[in-house]
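**Student:** just the structure for this:
(2 chains)
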There are 2 protein chains.
Amino acid sequence: MNKRGLLIVLSGPSGVGKGTVLRSYLEKNPGARLSISATTRQPRTGEVSGVHYYFLTEKEFDKKIEQNEMLEYATYSGHQYGTPREPVEQMLEDGLDVILEIEVQGAMQIKESCPDAIFIFIMPPNMQELTRRLVDRKTEDEETIRRRLERSHSEIAMAKEYDYVVINDTIDNALEKLDAIVCAQKCSMNHMKQFVEEVLEDA
Amino acid sequence: MNKRGLLIVLSGPSGVGKGTVLRSYLEKNPGARLSISATTRQPRTGEVSGVHYYFLTEKEFDKKIEQNEMLEYATYSGHQYGTPREPVEQMLEDGLDVILEIEVQGAMQIKESCPDAIFIFIMPPNMQELTRRLVDRKTEDEETIRRRLERSHSEIAMAKEYDYVVINDTIDNALEKLDAIVCAQKCSMNHMKQFVEEVLEDA
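**Tutor:** Here you go, the predicted model:
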């Protein structure tokens, strides 16, 4: 059997509840880890490098890009954000499943850099429910919600680039499906070829 | 969501315990059905057409082949056996998952006739265990067991043509993996594309 972990790319529109699903998944699955992003922005109070982010200088970040050491990267509000290759690679080698919670654009870069990754898109059961969840947060004004919904729509339009869709109607249903996808992936021929060969050689 | 059922092709070497896994799976999953084969051999006492087999004349069987009405077929001991397309298609249309328990050669024909089918190969944890299971049956002599093991070896060598490998170490483990594979398949983009489009149109 292939002992290497799985690289799982998780995306979904704002308000779909990715964070909650992800936290529950990580609690239930001690063999899974969340990838830590690198950024050039300043650490906020209480943020620890290597825990919340890897805090890098612009020069360090650019060097990693040049050396093909970033699996994906992008600039938001003047700061760079990205996924450093080495810690992800190390966890996969150790047999841990690594989850990248990233935006659609970053996910498309991962498709190029890590063709073995599996791509899961978390969907709301419908747009009404997504609107309701964004409104219920009560943290954003109407204009912000309108813009978020517009962006959600264009994000969902990219879902077809993913391997799997998980509907977050209830956390339990979403978790059951995530578990199933990861379990199935570990039974895929890609993952099991080595086992089959070992059984044949052993005979 | 795609309401059409899944076509699941299940193979595995003699002695691996396919039958037991399959019976438990069907008991647990009322939305799954086993496909009924057609054959030209005579019904044995108690066998009912449409339950155990569809009993056909040579002429009827040949006509179905000509009309592309057999998803796969082969001859064993002078009798024809095959999978009629129409009842399988009807069950899939009704949203039922249909399981074909067939040999590797038949499975390769299904790959041509039903490219959407998923192919699962049941494996023993190792060859020693397969030997033990065949010997423990106490129904075959040494020579038969030797020939079965030889055939098992060449069947396992074809496993790489399948999408998934399920190790039947315990029934519970095998069932859990089968469930996961079917659940994951129903989350695959192939199955979910329509749902994504509906959510987008609805917005």
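
**Student:** what's in contact with the longest helix that chain A contains?
**Tutor:** When chain A is parsed with DSSP state H, its longest helix is helix A:171-187. Contacts to helix A:171-187, defined as CB atoms under 8 Å, 6 or more residues apart in numbering or on different chains, come from residues A:6, A:8, A:17, A:20-21, A:24-25, A:28-29, A:32, A:97, A:118, A:120, A:122, A:164, A:166-168, A:191-192, B:164-166, B:176-177, B:179-181, B:183-185, B:187. Where you see a C-beta, it was placed from the backbone N, CA and C, and this is true even at glycine.

**Student:** okay, and which of those map to strands?
**Tutor:** Judged by DSSP state E, the contacts of helix A:171-187 include A:8, A:32, A:97, A:118, A:120, A:122, A:164, A:166-167, B:164-166 as members of strands.

**Student:** burial of the closest residue to A:Val165 other than its chain neighbours, as a residue count?
**Tutor:** Once flanking residues are discounted, A:Val165 sits nearest to B:Met192: 3.9 Å by CB to CB, 6 or more residues apart in numbering or on different chains. Neighbours of B:Met192 under the rule other CB atoms under 10 Å in any protein chain shown: 22.

**Student:** what's the per-residue pLDDT of A:Cys187 here?
**Tutor:** Listed pLDDT for A:Cys187 reads 97.

**Student:** over to A:Leu134?
**Tutor:** Note on A:Leu134: pLDDT of 83.

**Student:** now the angle from the helix or strand of chain A with the lowest mean pLDDT to strand A:118-123?
**Tutor:** One helix or strand of chain A scores below all others by mean pLDDT, DSSP states H and E: helix A:127-136, with a mean of 86. Angular relation of helix A:127-136 and strand A:118-123 on a 0 to 180 degree scale: 80 degrees, by axes from the mean of the first three to the mean of the last three CA atoms, to 10 degrees.

**Student:** buried ones in the helix or strand just after helix A:127-136, by neighbour count?
**Tutor:** Downstream of helix A:127-136, the first helix or strand assigned by DSSP states H and E is helix A:142-156. For helix A:142-156, the neighbour count (16 or more other CB atoms under 10 Å in any protein chain shown) marks A:145, A:148-149, A:152, A:155-156 as buried.

**Student:** any chance of JSON lines for the residues you listed, columns distance to B:Lys160?
**Tutor:** Shown next, in JSON lines, are the buried residues of helix A:142-156 (distance: CB to CB, whole Å):
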{"residue": "A:Ile145", "distance to B:Lys160": "51"}
{"residue": "A:Arg148", "distance to B:Lys160": "46"}
{"residue": "A:Leu149", "distance to B:Lys160": "46"}
{"residue": "A:Ser152", "distance to B:Lys160": "41"}
{"residue": "A:Glu155", "distance to B:Lys160": "37"}
{"residue": "A:Ile156", "distance to B:Lys160": "36"}
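
**Student:** and which of those residues is nearest chain B?
**Tutor:** A:Ile156 (5.9 Å; CB to the nearest CB).

**Student:** pretty sure the closest one contacts A:Pro13?
**Tutor:** Yes: at 5.7 Å, A:Ile156 counts as touching A:Pro13 under the criterion of CB atoms under 8 Å.
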